[in-house]
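Colleague: structure for this input, please:
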Amino acid sequence: MDPTNPPSAATALSSAMALFDKGEYDAVLSVASGTTDPALMLLAARSYLATGKLDIAETLLRSLLGIMQNSSYLHSYLGDVLTAKEGKGSAAAASEYAAALSIDPDNKAAVRSYADALIAKEDLRGAIPALRAVVRAENKPEDIKRLEELFLKVGKPEETISYHLRFFGADAVSLPYVEALFAAKEYQKCLEAAHRGWDAEGNTAYLRIYLEALSAADKNAAEKAYREALDSFEEEGVSDDNVTSIRFSYILLEKLLGDRRALDYELDKLLTDDADAVFHLVAAEIETDAGNTDAASGIYRKLLEKVLSEDSPDWDLTDLIIDRFTAFLGKTRNPEEVAGIISVTLSPYPKAPALAKIGEAYEAAGYHSQAKDWYYRAYRADIVRGGIAYAGYLKRADEIREADTILRYIFTNTKSTAELEAVSDAVLSGTSELYKLQRSRELVQKKLSAASDELSAAGREMLASLYLYSALDALESRNYEDCKWFCLAGIDVLPCYPDKIHIQDFTDILTRAKGRALSERPILMEKAAAQAEEAEAEEPAAAAAPAAASAETDEPLLPNLDEREKKILSFLREHREATEMDLRAVLDTRRAAGLVNALIEKTAALGVSVIEKRGVGDRGEIYGYVGGR
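Modeller: The predicted model follows:
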């Protein structure tokens, strides 16, 4: 290109697009160098993405969004960049795809990418509407099967069956369809379909489902079929996960029917060194039922030693094993003896799940001083999960103020939306019924509301359930206007495919509130009017805001800062110095260092310096604020 005779903008754009389509990304960047044309800048950003220069691509796209905030495709491309940087489960990428779809629901690329992002985040309920839209738009068999699997995983087998019959017909067989028939208890149809699948494909998964359906319909016939299948596998040397599941299901059936010889033989085949812990738990139950308490005790202790020797033991699995061991001990010993054995067995492992269970055993025995001490140790070992156990004990001990304090501290230390949702779920669904603590329930509602844009479908349902509690409280206190607002807010955040509560729950309360109210004010209209008044009042102040901001901070106005960059500046301005870990917590991302570096580069390009690096410490890089206050 001749720099003394640059092409017109239209010619440059046409040339760059042709080069981009050919995959000549470096040539695109050469054409777009120094341009201020948004279309060329977008092509440059996409070229940087294609060549793996993700930080530059992100900076360009954010700059473009500062100019064209309502561009669906800019948000979509930014989502692609963030996916490439952070992985398919990136919450930030999912947020960008959601923003793209709120602007243009017909952005097909964003719809598919949004569904992919939510599935990767394991937000399966949240992904269903987007994947349904993909199916409607493109009608691809692989998308339909994927949707069938989603419905099955979220406990909607009837939807899986409906989609399968609609798109493939009853003669076609697939694993999701057969599993859905079993889950829907349509055992005869399941037997027929699974038999056809097994004959056609020889996939042992079909045989596994067939035998499970037969066991549900006729246990005696299933016993014979299981035996024949396992004998056949043994003769042919067939072994896979489905065969293991078939063997385990057969053991459960014989445990019910009482054939001890068959149990011993199959258990010997099943209980390898790397066998699932649940298999060993069933073996312990079988030994207990047979009166072999020493053998059962040995199984439990060996399992506990294995899981608690891990660096990060699975809390739920550890809970399950200890609960079964405790129940086993309780059959022949009093609570005091059980607490002593649990303490001696678990105290060598200073892991939060073990410490909390020692506290639970002492609580059951009535030794509350020891119980509180062990629960507190669990809290110190794991602020979140151990803290929830400790707060539950404090509530049961009627130490409400301290329980509220512990929960407040736990929520303060949550570092991600996923952790916030996990803690909220423990409060709302845990056996300790912590949701009955009014202050803590209000705290959960406040925290979830503040993060509403980032919540998964499960998180939004939790928030909706809190609004439901609040609506009921308002109804009982005859505060009908607040009751209406909570109902409408709950309906607003409720996901499309909820698990436990439904729109009908809110409309029932809303109907009762409207029926009891002696007079009504339209709360939504009032809120809209109040917002309009606030906007009018802010207009004169907004005109003077730039001068005021400059006077207050002595900081030159920086154009096109995104929300995270504003958060960085605000935090540093307030604290004057911060570490990388501090900013990770503020931004809820591990990419804090990259964001700060990008901000330093952006301000340097404007000839402004507001942040400086001050070295590296135990908590990562250290940043100082050098702008005005």
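Colleague: got the domain boundaries for the chain?
Modeller: As given by automatic domain parsing, the domain ranges for the chain are 9-147, 456-540, 553-629.
Colleague: can you add distance to Asp274 and give those domains back as TSV?
Modeller: (C-beta placed from N, C-alpha, C; glycine too.) What follows is the domains of the chain, written out as TSV (distance: least, C-beta to C-beta, whole Å):
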stretch	distance to Asp274
domain 9-147	25
domain 456-540	32
domain 553-629	32
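Colleague: so which of these is nearest Leu317?
Modeller: Each of the domains of the chain has some distance to Leu317 by C-beta to C-beta; the shortest is domain 9-147, at 18.3 Å.
Colleague: and the closest one, how far out from the chain's middle?
Modeller: The chain centroid and the centroid of domain 9-147 are separated by 23 Å under C-alpha atoms, centre = their mean, to the nearest Å.
Colleague: quick one, helices of the stretch 51-200 of the chain?
Modeller: Secondary structure of the stretch 51-200 of the chain by DSSP state H, counting those that start in this stretch: the helices cover 54-67, 72-86, 91-103, 108-120, 124-138, 141-153, 157-167, 175-183, 187-201.
Colleague: buried ones in the last one?
Modeller: Spelled out, it's helix 187-201. 187, 189-198 (16 or more other C-beta atoms under 10 Å).
Colleague: if we can go back for a sec, for the helices of the stretch 51-200 of the chain, which one sits closest to Gly386?
Modeller: Gly386 lies closest to helix 91-103 among the helices of the stretch 51-200 of the chain, at 25.6 Å (C-beta to C-beta).
Colleague: and the angle from the closest one to helix 72-86?
Modeller: Orientation check (axes from the mean of the first three to the mean of the last three C-alpha atoms, to 10 degrees): helix 91-103 against helix 72-86 gives 170 degrees.
Colleague: one step back: got a markdown table for the helices of the stretch 51-200 of the chain, with distance to Tyr375 too?
Modeller: Converted to a markdown table, the helices of the stretch 51-200 of the chain look like this (distance: least, C-beta to C-beta, whole Å):
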| stretch | distance to Tyr375 |
| --- | --- |
| helix 54-67 | 45 |
| helix 72-86 | 37 |
| helix 91-103 | 32 |
| helix 108-120 | 36 |
| helix 124-138 | 34 |
| helix 141-153 | 35 |
| helix 157-167 | 40 |
| helix 175-183 | 39 |
| helix 187-201 | 46 |
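Colleague: could you point out which of those sits nearest Ala450?
Modeller: Nearest of the helices of the stretch 51-200 of the chain (C-beta to C-beta): helix 91-103, 14.8 Å.
Colleague: save the helices of the stretch 51-200 of the chain as CSV, and put in mean pLDDT too.
Modeller: Shown next, in CSV, are the helices of the stretch 51-200 of the chain (pLDDT from 0 to 100):
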stretch, mean pLDDT
helix 54-67, 92
helix 72-86, 95
helix 91-103, 94
helix 108-120, 96
helix 124-138, 95
helix 141-153, 96
helix 157-167, 97
helix 175-183, 97
helix 187-201, 96
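Colleague: mind checking which of these is nearest Ala418?
Modeller: Here helix 91-103 is closest among those (C-beta to C-beta), at 8.1 Å.
Colleague: for the closest one, buried residues please.
Modeller: Those would be 91-101, 103, for helix 91-103 by 16+ other C-beta under 10 Å.
Colleague: put together CSV for those residues, with distance to Ala12 on each row.
Modeller: Putting the buried residues of helix 91-103 into CSV (distance: C-beta to C-beta, whole Å) gives the following:
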residue, distance to Ala12
Ala91, 37
Ala92, 32
Ala93, 30
Ala94, 34
Ser95, 33
Glu96, 28
Tyr97, 30
Ala98, 33
Ala99, 29
Ala100, 27
Leu101, 31
Ile103, 27
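Colleague: what's the farthest-apart pair in the residues you listed?
Modeller: Among the buried residues of helix 91-103, the pair separated by the greatest distance (C-beta to C-beta) is Ala91 and Ile103, at 19.3 Å.
Colleague: in stretch 412-426, what's buried?
Modeller: 414, 416-418, 420-426.
Colleague: can you check stretch 379-387 too?
Modeller: For stretch 379-387, burial by neighbour count (16+ other C-beta under 10 Å) applies to 379, 381-387.
Colleague: swap in stretch 569-586?
Modeller: For stretch 569-586, the neighbour count (16+ other C-beta under 10 Å) marks 569, 571-573, 578-586 as buried.
Colleague: cool, stretch 52-63 as well?
Modeller: Buried residues in stretch 52-63 (16+ other C-beta under 10 Å): 53-63.
Colleague: and what of stretch 615-625?
Modeller: For stretch 615-625, the neighbour count (16+ other C-beta under 10 Å) marks 620-623, 625 as buried.
Colleague: so which of those is the closest to Ala296?
Modeller: Gly620 (49.3 Å).
Colleague: find the nearest non-adjacent residue to that closest one, please.
Modeller: Glu580 (2.8 Å; C-beta to C-beta, 6 or more residues apart in numbering).
Colleague: cool, and Leu475?
Modeller: Cys483 (4.7 Å).
Colleague: give me the number of residues near that neighbour?
Modeller: When neighbours are defined as other C-beta atoms under 10 Å, Cys483 has 26 of them.
Colleague: now do Arg132
Modeller: Count around Arg132 with other C-beta under 10 Å applied: 19.
Colleague: ok, it - contacts?
Modeller: Residues near Arg132 by C-beta atoms under 8 Å, 6 or more residues apart in numbering: Leu147.
Colleague: and the gap between it and Tyr163?
Modeller: 9 Å (C-beta to C-beta, to the nearest Å).
Colleague: okay, and the common contacts of those two?
Modeller: Shared contacts of Arg132 and Tyr163 (C-beta under 8 Å, 6+ apart): Leu147.
Colleague: coming back round to it: per-residue pLDDT, the residue nearest to Leu475?
Modeller: Here, the pLDDT recorded for Cys483 equals 94.
Colleague: related to what we said a few turns ago, please identify which of the buried residues of stretch 412-426 is nearest to Leu355.
Modeller: Nearest to Leu355 among the buried residues of stretch 412-426 is Ala426, at 16.7 Å by C-beta to C-beta.
Colleague: burial measure for the closest residue to that closest one other than its chain neighbours, as a count.
Modeller: Leaving aside its sequence neighbours, Ala426 sits nearest to Ile388 (C-beta to C-beta, 6+ apart; 4.5 Å). Counted with other C-beta under 10 Å, the neighbours of Ile388 add up to 25.
Colleague: then Gly298?
Modeller: Applying other C-beta under 10 Å, I find that Gly298 has 13 neighbouring residues.
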